[in-house]
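Peer 1: structure here, sequence nowhere to be found:
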């Protein structure tokens with residue numbers, strides 16, 4: 001099946017400048033972009049401001065460490081995304097209703113946080129409120145992403161993606177670094193009230209934002225909401241290659257970015273230099289790159305943008321090789337940091353458009369959350385592996401090694417978007433001859449795959465824990481079995497989250513295996529091809 005755009009499609013597509021003009025003047029684009037500010041604020045508050053606030057208030061560092069658990073809902077939000085696909089609120093439509101609900105919950109929770117601002121003796125109450133904020137914020141992100149999939153026209157996606165990242169980062173900055181600064185002058189109680197008040201205009205945007213031009217029927221049961229997103233996507237041609245591409249496309253950047261702070265420290269750069277490079281130049285590069293990448297995707301086509309920006313992000317790590325081999329040079333370091341983050345932003349802009357295009361509108365909450373989680377897996381595992389690699393070969397060789405890691409992603413890209421193709425298309429899979437698989441056969445394939453995935457994930461985590469312990473105390477035995485026992489018998493909340501993550505990974509792999517087996521026998525072709533308007 002062809003992955004290229006037909007002549008008829010090309011004739012119907014508006015010109016590049018016309019597409020850009022429509023996107024810039026669209027209330028749909030503006031609504032999606034502005035709502036991204038609402039997504040960024042809770043993340044900055046939970047990840048940056050609250051831990052700083054608690055430590056400054058004199059809270060025990062062991063309790064402050066527990067606040068990092070509030071990052072978990074963003075990692076696991078794919079688990080309840082099907083619920084948000086299945087159920088429709090009684091007001092404001094399928095997506096805007098949920099967005100408004102979670103914005104109200106965030107407003108109330110942040111106001112509640114202001115009530116414990118002057119009471120550092122109540123850190124457990126602050127922790128509970130922080131976890132509530134994180135859950136509501138991660139849920140809001142699911143629905144805002146789904147709303148972007150549902151409401152944006154194709155020619156609006158590139159511009160919207162770049163501007164979304166910029167507004168998202170702005171929200172993080174205001175609720176994170178700026179909140180810390182203002183709290184020093186005012187108080188945390190006042191800052192929390194101000195942050196809660198910022199959700200009022202966000203709520204107004206949710207109320208007046210446009211509904212999608214076509215209304216898609218939500219899944220009829222929760223079982224459909226869980227099963228159909230997998231089945232619908234895997235019924236497409238080259239679905240496995242596309243999923244592998246999602247995992248690998250930014251692998252080289254994930255490895256290079258994993259240890260930048262210790263790298264700059266080892267190279268002798270001061271805290272001021274590192275702060276400027278990572279907090280100012282790096283942020284500006286990512287935002288600027290995302291904006292430019294989104295616009296270029298509209299102008300030149302998604303396929304070409306993925307190729308050009310994918311190649312650029314591979315070679316951008318050369319700057320870090322240079323920094324590792326010269327004397328401390330602030331200007332060179334700033335240049336390398338800016339260029340790498342710019343190319344990272346360019347690739348992120350194009351890649352984010354691809355995620356929007358791949359997602360079916362009927363299951364946009366579940367599918368987009370699944371793609372985002374898969375994309376984040378490479379970032380999660382890259383840190384520990386990068387640390388071991390640097391320890392073994394040094395910084396210069398490490399950054400040389402990161403560059404070939406971008407090639408597998410381009411190989412997978414060629415499988416569904418050959419070089420020169422302007423726009424990818426997602427055709428249905430050719431069906432293998434033979435009778436469909438029974439429910440028992442599908443359950444067995446899913447269960448066996450899930451079990452294998454759980455064992456692999458458990459062994460990987462236990463191995464990394466053992467290596468970490470061995471590096472801290474070389475005289476100690478690796479004791480892989482002891483670390484496996486510690487994984488399956490958690491001693492604290494962090495351990496439970498790790499175990500839940502392993503089980504969720506296994507369940508996801510099992511669903512993928514069962515859905516792929518069913519799709520290869522023709523099941524789900526109606527799910528993949530229909531976007532029936534109700």
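Peer 2: That came through fine. In this text, all values refer to a predicted model and were calculated from it rather than measured experimentally.

Peer 1: please count neighbours and contacts with C-alpha atoms only from this point.
Peer 2: OK.

Peer 1: what's the separation between the spatially most central residue of the chain and residue 236?
Peer 2: By CA atoms, centre = their mean, the mean C-alpha position of the chain lies nearest to residue 372, the distance being 4.2 Å. Applying CA to CA, to the nearest Å, the value for residue 372 to residue 236 is 19 Å.

Peer 1: okay, now the closest residue to residue 443 other than its chain neighbours: neighbour count?
Peer 2: Nearest residue to residue 443 in three dimensions, chain neighbours excluded: residue 514, at 6.9 Å (CA to CA, 6 or more residues apart in numbering). Other residues lying near residue 514 total 26 when counted by other CA atoms under 10 Å.

Peer 1: doesn't residue 514 fall inside a helix?
Peer 2: Yes. Residue 514 forms part of a helix when assessed by DSSP: H, G, I helix; E, B strand; the rest coil.

Peer 1: surely it meets residue 442?
Peer 2: Yes. The pair residue 514 and residue 442 qualifies as a contact (CA atoms under 8 Å) at a distance of 5.2 Å.

Peer 1: which residues touch the residue nearest to residue 443?
Peer 2: Residue 514 is in contact with 442-443, 445-446, counting by CA atoms under 8 Å, 6 or more residues apart in numbering.

Peer 1: ranking by neighbours, what's the top pick from those?
Peer 2: residue 446 leads these on contacts (other CA under 10 Å) with 23 neighbours.

Peer 1: what's the span of stretch 187-203, first residue to last?
Peer 2: End-to-end distance of stretch 187-203: 25 Å, with CA to CA as the criterion.

Peer 1: mean confidence for the host helix or strand of residue 113?
Peer 2: According to DSSP states H and E, residue 113 maps onto helix 96-114. For helix 96-114, the mean per-residue pLDDT is 92.

Peer 1: quick check: what element follows that helix along the chain?
Peer 2: Using DSSP H and E, the helix or strand that follows helix 96-114 towards the C-terminus is helix 123-151.

Peer 1: against which helices or strands is that following helix packed?
Peer 2: Packing contacts for helix 123-151, counted by 3 or more CA pairs under 8 Å, 6 or more residues apart in numbering; DSSP states H and E, involve helix 27-44, helix 72-76, helix 81-86, helix 96-114, helix 330-358, helix 364-393.

Peer 1: quick one: closest of those helices to residue 266.
Peer 2: Closest approach to residue 266 among the helices and strands packed on helix 123-151 (CA to CA): helix 364-393, 11.6 Å.

Peer 1: going toward the C-terminus from the closest one, what's the next helix or strand?
Peer 2: Next in sequence after helix 364-393, counting helices and strands by DSSP H and E, comes helix 395-402.

Peer 1: let me see the mean pLDDT of that following helix.
Peer 2: Average pLDDT, helix 395-402: 87.

Peer 1: quick one: the next helix or strand along the chain from that helix to chain centroid distance?
Peer 2: With elements assigned by DSSP H and E, the helix or strand that comes after helix 395-402 is helix 407-416. Mean-position distance between helix 407-416 and its chain equals 20 Å (CA atoms, centre = their mean, to the nearest Å).

Peer 1: now whatever helix or strand comes next after helix 407-416 against helix 364-393, angle please.
Peer 2: Once the chain leaves helix 407-416, the next helix or strand it forms, by DSSP H and E, is helix 439-472. On the basis of axes from the mean of the first three to the mean of the last three CA atoms, to 10 degrees, helix 439-472 is oriented at 30 degrees to helix 364-393.

Peer 1: related to what we said a few turns ago, between the contacts of residue 514, which is nearest residue 406?
Peer 2: residue 446 (30.7 Å).

Peer 1: how far away is that closest one from residue 311?
Peer 2: The gap separating residue 446 from residue 311 is 36 Å, by CA to CA.

Peer 1: for residue 55, same thing?
Peer 2: As defined by CA to CA, residue 55 lies at a distance of 43 Å from residue 311.

Peer 1: count of neighbours near residue 86?
Peer 2: Other residues near residue 86 come to 22 when the count uses other CA under 10 Å.

Peer 1: so who does the nearest residue to residue 135 once chain neighbours are set aside touch?
Peer 2: Counting by CA to CA, 6+ apart, residue 73 is the residue found nearest to residue 135 once chain neighbours are left out, at 5.4 Å. Listed by CA under 8 Å, 6+ apart, the contact partners of residue 73 are 134-135, 138.

Peer 1: what does residue 516 give?
Peer 2: Shown in contact with residue 516 (CA under 8 Å, 6+ apart): 231, 234-235.

Peer 1: the residues you listed into CSV, with extra columns for neighbour count?
Peer 2: Shown next, in CSV, are those (neighbours: other CA atoms under 10 Å):
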residue, neighbour count
231, 27
234, 28
235, 30
